[in-house]
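[1] Fold the stuff below for me.
(one chain, ligands or ions: 1)
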Amino acid sequence: MRGPRLRFLGGVREIGGSKLLVEDGPDRLLFDFGPSFSPRFEEFYVNFLQPRSTSPVKDLLEFDLLPRVDGLYSAEALYGSDLRHVPPEVHGVFVSHAHIDHAGHLALLDPTIPVYVGERTKRILDAIESSSGGHYGDHPWHVLPPGGRARVGGVEVEARPVDHSVPGATAFLIRTSEGTVVYTGDFRAHGPRGGETREFLAAAARERPIALVMEGTRAGPDPRPDRSEAGVREGVDRILGGSRRLAVVSHYPRDIDRLTTLYRAAVAAGREFVIPLKTAHLLATVGADLPPGAPVPGSSPGLRVYRRTKKVYYRWERPFLDESVDAAWVREHAGELLLSLDLHHFAELIDIRPEAGTPFIHSMSEPFSEDDVDDRVLHNWLDHFGLGFCQMHASGHASGPELLEIARHIGARSLFPIHTEHPEAFIPAAGHVVPPELGATYPLRSF
Ligand SMILES: [Zn+2]
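    The predicted structure follows:
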């Protein structure tokens, strides 16, 4: 039987879309399976134009936006495609966290392939399925506690919690016949659970791994400010303290750390934090797994749920409706509130009518390109209502210098940077750095 080897089916010279295939003898394990965020994807599919639900694999393979792998996809997803359905040749799929570029293609998998996922991640995927129309498919789900282990054939996989911009993020120690392969998933050390990341890094170094497959989102040139979550809190405190008007904030919907930061800042400034129904549903679903100090609908003081204007409310929205507030209420109590409002729901501003000079906190990444349509629309709305823009964000990813330090610290025999546009930036980190090629196989014994 052949020894361990790595194959990179996505996340190569791009941020997002990580798909790592680990093969060892007859065993084949896939780590992460989500769509690419790369500009290439958006050259063909945007907003209104998406792969057809009747033939998703065919429509993605047309532009090489999915890997051509036998024994991975379901017969249903393969409908109309020239790739034929054969019994599963991948024996387990591991998901590092609940971001779409890591989990968004699970529904395409053959339904008999087991999917391994951390317990917090599973809860978040469930919340997304029930409230956002996301669909991850029916699989034999194996839910791993932090530090939990699973065995697929002769390979043992240990799930280690790490800090990232969504709770439940996991890195994996993959113990093959020749030694350990470390896969980091996405991670940072400067967030509220940085201690978990440091524990993982120490455990990874102890394994003396034969290979490290590491995310490098912020490797290479990175002009964005290097702010921590605590830095975001200070910035928001300043903005809230300096205004007697309503304050509006946009943030990633599943970044519960950021929600916690914003909630605490609002309460400290004597304001109430007003969140959308979908956020209330997510917080209620994650429930006992919420980080300390996170807002809990129905029990946290100073937390309100906003009811958008719509004709019909879904079943998952209904538990929050009785206690919810509307645009007229927000207008009346403007100066006492921090309002979480997503760009998609900016039409609510027409009813809320914020005063000119109302601060708008953009608590998300700055746009990647200069001709970003959403960014232009966002600024048109802000200008129309006279809202003042403030950028206030901490990344979910380790900084470039931290990445190099971590790579050195783990000291794997070979380093494969993925989920980055700049894999070469790791070369100064010493050791054997291999910028992987898409679809290529790398045997691990030969190094
Ligand atoms: Zn992520």
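[2] Could you check which helix or strand contains whichever residue of the stretch 251-400 of the chain sits closest to the ion?
    At 5.9 Å from the ion, residue 396 is the closest residue in the stretch 251-400 of the chain, using C-beta to the ion. In this view, the C-beta of every residue, glycine as well, is placed from N, C-alpha and C. Assignment of secondary structure by DSSP states H and E places residue 396 within no helix or strand.
[3] Could you look up the SS state of the nearest residue to it once chain neighbours are set aside?
    Spatially, and ignoring its direct neighbours in sequence, residue 396 is nearest to residue 165 (2.9 Å; C-beta to C-beta, 6 or more residues apart in numbering). Put simply, residue 165 is coil when judged by DSSP: H, G, I helix; E, B strand; the rest coil.
[4] Quick one: residues contacting residue 165.
    186, 188, 191, 252, 255, 257-258, 395-396 (C-beta atoms under 8 Å, 6 or more residues apart in numbering).
[5] In the residues you listed, which has the lowest confidence score?
    Among the contacts of residue 165, residue 191 has the lowest pLDDT, at 87.
[6] give me the beta-bridge partners of the nearest residue to it once chain neighbours are set aside?
    Spatial nearest neighbour of residue 191, chain neighbours left out: residue 163 (4.3 Å); criterion: C-beta to C-beta, 6+ apart. Beta-bridge partners of residue 163, counted by DSSP bridges, are residue 188.
[7] ok, now which ones touch the closest residue to residue 74 other than its chain neighbours?
    Computed as C-beta to C-beta, 6+ apart, the closest residue to residue 74 that is not its neighbour in sequence is residue 110, at 4.8 Å. Contact partners of residue 110, counting by C-beta under 8 Å, 6+ apart, are 71-75, 85, 87-88.
[8] Pull out the buried residues from those.
    In terms of neighbour count (16 or more other C-beta atoms under 10 Å), the buried residues within the contacts of residue 110 are 72-74, 85, 88.
[9] Let me see the contact set for the spatially most central residue of the chain.
    Centroid-nearest residue in the chain, with C-alpha atoms, centre = their mean: residue 99, separated by 2.9 Å. Residue 99 is in contact with 34, 166, 186, 254, counting by C-beta under 8 Å, 6+ apart.
[10] ok and the residue in the stretch 151-300 of the chain nearest the ion?
    Checked against the ion (C-beta to the ion), the nearest residue in the stretch 151-300 of the chain is residue 186, 3.6 Å away.
[11] you'd agree that residue is in a helix?
    No - counting by three-state DSSP, residue 186 falls outside a helix, being coil.
[12] where's it relative to residue 102, distance?
    7 Å (C-beta to C-beta, to the nearest Å).
[13] is any part of stretch 198-218 close to the ion?
    No - Stretch 198-218 stays clear of the ion (C-beta under 5 Å from the ion), getting no nearer than 8.2 Å.
[14] tell me the domain ranges of the chain?
    5-221+396-443, 229-391 (automatic domain parsing).
[15] and among the ones you listed, the most buried is which?
    Each of these was assessed for mean neighbour count using mean count of other C-beta atoms under 10 Å. The highest is domain 5-221+396-443, with a mean of 20.
[16] related to what we said a few turns ago, need the contact list for the residue nearest to residue 191.
    By C-beta under 8 Å, 6+ apart, the contact list for residue 163 reads 169, 187-194, 196-197.
[17] Ok, residue 309 next?
    If you count contacts by C-beta under 8 Å, 6+ apart, residue 309 has them with 326-327, 348, 351.
[18] same thing but 10 Å
    For residue 309, the contact set (C-beta atoms under 10 Å, 6 or more residues apart in numbering) comprises 326-327, 345, 347-348, 350-351.
[19] Close to the ion: what parts of the stretch 1-150 of the chain are there?
    So the stretch 1-150 of the chain meets the ion at residue 99 (C-beta under 5 Å from the ion).
[20] How about the stretch 1-150 of the chain: which residue is closest to the ion?
    At 3.6 Å from the ion, residue 99 is the closest residue in the stretch 1-150 of the chain, using C-beta to the ion.
[21] Show the pLDDT at that residue.
    Note on residue 99: pLDDT of 94.
[22] same thing with residue 80?
    Per-residue pLDDT puts residue 80 at 96.
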